[in-house]
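# Can you look at this prediction? I've put the sequence above it.
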Amino acid sequence: MSKDRAAVGTDGRPLPILPPERDPRVWARLVRIMFYLPGFMGLLLIKSGEPAGFGITVELLMLSSAAAIVGGVYVGSASSGAGADHASRTGVWSGGLVLELLAVVPFLAAIPVLFHELANSNLLHSKAPGAIDVALGPSELLPMVAILPFMLYQLAGFGTLHFVVPKVVNWIINLGILCLIIGAYVANRQGEFVLERRYGSLLVISMVIVVIYGVLKLKHMQEDYDARAPQKAPKEGKKEKEPKEPED
């Protein structure tokens, strides 16, 4: 919460703790990255052939790419100037929530399977006569490590979700994300593609519900804040300009 933001309303009750002001230009750059990168990786995966082990990976990558556009629409609607309403004041926060949960989360869920498929593609890696296959082993899990900084981002208070739900609920949601991603990856490696789709579908549906709730909650919090926030007193030493008398 910024220093100049009031903490107590005119009725004596605490005001909602809104997320801090964020630079929409940074989120706009992230929109471009999240639009092109998952789409490119999805096409690369399809070109590698052998779709039997894809599972739900391509769908997650396409969702990540499409959700980035939706997040950009929210960020583009942000305004704090003349004519700004409650929705436009929460545009950047709402767009950030869409990007975090519907672009980044599906992308992180798709990365482990994507790496395994690309690393073991017979079309991308032609075998020389007499070549010996070398199993990657646990090193295949290295791309999954990116999930851990994301969990830290969410649970340490950087994420937009931190301001929307209580701390306990935030932990439950993010631990659920981690468990579903791991469960979907394990199911993919074991060839249980129906189970993988169930885990992936549950992950996406959960994120959609959280995003809808979060966007509406942010708008409600902004409305509540604007309705009860005390008005700033005019600075001392500044007087209103008197209207000039019409010249004869």
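In hand now; what should we look at?
# which of the residues in the helix or strand that contains Ile172 are buried?
With elements taken from DSSP states H and E, the one containing Ile172 is helix 167-189. Neighbour counts over helix 167-189 (16 or more other C-beta atoms under 10 Å) mark Asn170, Ile173, Asn174, Ile177, Leu180, Ile181, Gly183, Ala184, Tyr185, Ala187, Asn188 as buried. C-beta coordinates here come from the backbone N, C-alpha and C atoms, glycine included.
# Quick check: the farthest pair among these?
Of all pairs drawn from the buried residues of helix 167-189, the greatest distance, 27.6 Å, lies between Asn170 and Asn188 (C-beta to C-beta).
# before we move on, the earlier item: and the buried residues of helix 167-189 as JSON lines, adding distance to Val145 and pLDDT?
Below are the buried residues of helix 167-189 laid out as JSON lines (distance: C-beta to C-beta, whole Å; pLDDT from 0 to 100):
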{"residue": "Asn170", "distance to Val145": "22", "pLDDT": "95"}
{"residue": "Ile173", "distance to Val145": "21", "pLDDT": "96"}
{"residue": "Asn174", "distance to Val145": "16", "pLDDT": "95"}
{"residue": "Ile177", "distance to Val145": "15", "pLDDT": "95"}
{"residue": "Leu180", "distance to Val145": "17", "pLDDT": "94"}
{"residue": "Ile181", "distance to Val145": "12", "pLDDT": "93"}
{"residue": "Gly183", "distance to Val145": "17", "pLDDT": "92"}
{"residue": "Ala184", "distance to Val145": "17", "pLDDT": "90"}
{"residue": "Tyr185", "distance to Val145": "13", "pLDDT": "88"}
{"residue": "Ala187", "distance to Val145": "20", "pLDDT": "90"}
{"residue": "Asn188", "distance to Val145": "18", "pLDDT": "85"}
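# Between the residues you listed, which sits nearest Ala6?
Asn170 (24.5 Å).
# residue contacts, the closest one?
Listed by C-beta atoms under 8 Å, 6 or more residues apart in numbering, the contact set of Asn170 reads Gln154, Leu155, Gly159, Leu161, His162.
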